[in-house]
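**Student:** Got a sequence here, can you model it:
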Amino acid sequence: MAIKKQFLKTKPECKVTFSVSAEEAGDAFSVALLCDYNEWDPARTMMKKQKNGSFSVSLTLPTGGECKFRYLVDGVRWINDSEADSYEYCDFADAENAVLFL
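**Tutor:** Coordinates of the predicted model:
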């Protein structure tokens, strides 16, 4: 997995590219990024499958805060990104969410 942050010079925003490797995705048909900014809706931010079997998506997010997120593979398997800035326990999910500091 990989996370790439690109802070914009002209706006208080950061372009973040989220990636799930082919090894982590396995033989997945779909991977969704669920986060604070898409209201944890699995249909709102589907990742694009690459030719090498990995998945990726880019979002432009406001700076000065944080973004909690997880990946949902084929609608059934949750995974966290190993390159997150931090992790935070969520009572609702009874699991840890990955956290990015923006």
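**Student:** Where does the residue most central in space within the chain sit, in terms of helix or strand?
**Tutor:** In the chain, the residue lying closest to the centroid (CA atoms, centre = their mean) is Leu33, at 4.6 Å. Assigned by DSSP states H and E, Leu33 belongs to strand 31-35.
**Student:** can you give me the offset of that strand from its chain's centre?
**Tutor:** 6 Å (CA atoms, centre = their mean, to the nearest Å).
**Student:** helices or strands up against that strand?
**Tutor:** Packing contacts for strand 31-35, counted by 3 or more CB pairs under 8 Å, 6 or more residues apart in numbering; DSSP states H and E, involve strand 55-62, strand 66-73. (C-beta placed from N, C-alpha, C; glycine too.)
**Student:** From Thr10, how far off is the residue nearest to the centre of the chain?
**Tutor:** 25 Å (CB to CB, to the nearest Å).
**Student:** Over to Ala22?
**Tutor:** From Ala22 to Thr10 the distance is 35 Å (CB to CB).
**Student:** same deal with Ser82?
**Tutor:** For Ser82, the distance to Thr10 - CB to CB - is 31 Å.
**Student:** how many other residues sit next to Ala2?
**Tutor:** Neighbour count of Ala2, defined by other CB atoms under 10 Å: 13.
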